[in-house]
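**Student:** Quick one, fold the following:
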Amino acid sequence: MNLNDAKNEVLQVLSKTERRHLPKLLEWLKTSDDLDDFLVDNQSVILQSIAEDLRVCLPLEAMAPSETMAIQKTQQKPHPTVHVDAFLYDEEAVDSLCEEGKISRNYCLNCGSHRTAPLEFISHSFSIPELQFLFHNVLPGLSGKLVVDVGSRLGAVLFGGYLYSASSQLKYGFSDRIQVIHADIRSQSALVQNTDVLIMNNVFEYFMEPSDQMQAWLFISQHFRKKGALLVTVLCKLVFLYVTSSLVLSFVQMHFCLQLFLLKQEVGEGSLHVFFLLLQAEVVHWRQFTSSFMLFCLVLQPNSTKSPTDDFS
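**Tutor:** Predicted structure coming up:
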């Protein structure tokens, strides 16, 4: 069926629909996830192929032996938690793994009984729908911009940025626009100073000691000062401001116009993955997306005289 025939078929269906049901039908066409299979773009197909190839090469947990701190922090969580990489395994893939008995969604509260509770899943990667949402809906046009992904791991953000954006260069992991730098971010001052979009997904919280996290954030505050730059990060803990904290004072001294602070504080399990969950929720209804998401994409304006704490008064 060609395009014109398809249009005529759709119009015939609409003309046969009771008038009182038309608004609901049109809304369904705009927002329903039932149509997602018809809207898969070539970029998403390529990302899915990359994920499938990586799954063959990596162990199920997709954690490197060197990621000892992330492994320990996952094991120390109060509720049993399993690492399932969201880039490699979507919900359908996780369901298949459960059916095959390779992983479980539940754990036994009393060994040998049927009293079970859901396992917590954690991922240090964006899923393919989240990457599509990030580059299509959250970030502005990236033509000629430098995007830096700190702590790329399997390269999900790099692959997504390459396929979904026109960024001139993506640093940290396709060779014509991607460059991999194996180094501590704190040794890359020139790179950070020239960055237009800085992306960080759990990179400090799970992979650095608290003292190193402090130094890393101080480094970001001192060098990521390009006017109009965007900082995109994942909130693993709720944000709390402690005016006596030297880190907060350092941020205040920057005179950045920030709508949100990002500090490492232990505030309990209920606040885990705040940004991550909101992002997933928006992905479900991405067609209804509005610019309100800028709360989580911080517009840095070094020349602003507004104090960062003004937004919390």
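
**Student:** buried sites along stretch 80-93?
**Tutor:** The neighbour-count check on stretch 80-93 (16 or more other C-beta atoms under 10 Å) flags 81, 82, 83, 84, 85, 86, 87, 88, 89, 90 as buried. C-beta coordinates here come from the backbone N, C-alpha and C atoms, glycine included.

**Student:** What average pLDDT does it get?
**Tutor:** What stretch 80-93 shows for mean pLDDT is 84.

**Student:** Counting neighbours, what do you get for the residue nearest to residue 194 when sequence neighbours are not counted?
**Tutor:** Using C-beta to C-beta, 6 or more residues apart in numbering and skipping residues adjacent in sequence, the residue nearest residue 194 is residue 146, 5.8 Å away. Residue 146 has 18 neighbouring residues, counting by other C-beta atoms under 10 Å.

**Student:** Please enumerate the strands of the stretch 101-250 of the chain.
**Tutor:** 106-108, 116-118, 120-122, 146-150, 169-171, 178-179, 197-200, 230-233 (DSSP state E, counting those that start in this stretch).

**Student:** rank those by pLDDT, which is bottom?
**Tutor:** Among the strands of the stretch 101-250 of the chain, strand 169-171 carries the lowest mean pLDDT (a mean of 61).

**Student:** Tabulate the strands of the stretch 101-250 of the chain (TSV), appending distance to residue 209.
**Tutor:** TSV is the format used below for the strands of the stretch 101-250 of the chain (distance: least, C-beta to C-beta, whole Å):
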stretch	distance to residue 209
strand 106-108	29
strand 116-118	30
strand 120-122	19
strand 146-150	16
strand 169-171	25
strand 178-179	28
strand 197-200	17
strand 230-233	19
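
**Student:** can you tell which of the ones you listed is closest to residue 72?
**Tutor:** Set against residue 72 and scored by C-beta to C-beta, the strands of the stretch 101-250 of the chain come closest in strand 120-122, at 13.0 Å.

**Student:** Report the buried residues of the closest one.
**Tutor:** By neighbour count with 16+ other C-beta under 10 Å, strand 120-122 contains the buried residues 120, 122.

**Student:** Please list the residues outside it that contact it.
**Tutor:** With contacts defined as C-beta atoms under 8 Å, 6 or more residues apart in numbering, strand 120-122 is touched by 74, 77, 79, 80, 81, 82, 83, 84, 94, 273.

**Student:** and which of the residues you listed is nearest residue 156?
**Tutor:** Of all those, residue 156 sits closest to residue 84, with 13.5 Å by C-beta to C-beta.

**Student:** wait, doesn't residue 207 sit right on residue 70?
**Tutor:** Yes - using C-beta atoms under 8 Å, residue 207 is in contact with residue 70, at 5.7 Å.

**Student:** hey, where'd the helices end up in the stretch 101-250 of the chain?
**Tutor:** Here the stretch 101-250 of the chain has its helices, by DSSP state H, counting those that start in this stretch, at 128-133, 156-164, 189-193, 210-223, 246-253.

**Student:** Residue 7: which of those helices is closest?
**Tutor:** It is, among the helices of the stretch 101-250 of the chain and with distance given as C-beta to C-beta, helix 128-133, at 26.2 Å.

**Student:** Against which helices or strands is that closest one packed?
**Tutor:** On a contact count with 3 or more C-beta pairs under 8 Å, 6 or more residues apart in numbering; DSSP states H and E, helix 128-133 meets helix 42-57, helix 156-164, helix 274-284.

**Student:** Next, the buried residues of the longest one.
**Tutor:** With burial defined by 16+ other C-beta under 10 Å, the residues of helix 42-57 counted as buried are 43, 44, 47, 50, 51, 54, 55.

**Student:** possible to save the residues you listed as CSV with distance to residue 157 and pLDDT?
**Tutor:** Output for the buried residues of helix 42-57, formatted as CSV (distance: C-beta to C-beta, whole Å; pLDDT from 0 to 100):
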residue, distance to residue 157, pLDDT
43, 14, 76
44, 15, 78
47, 11, 83
50, 12, 84
51, 13, 86
54, 14, 86
55, 18, 86
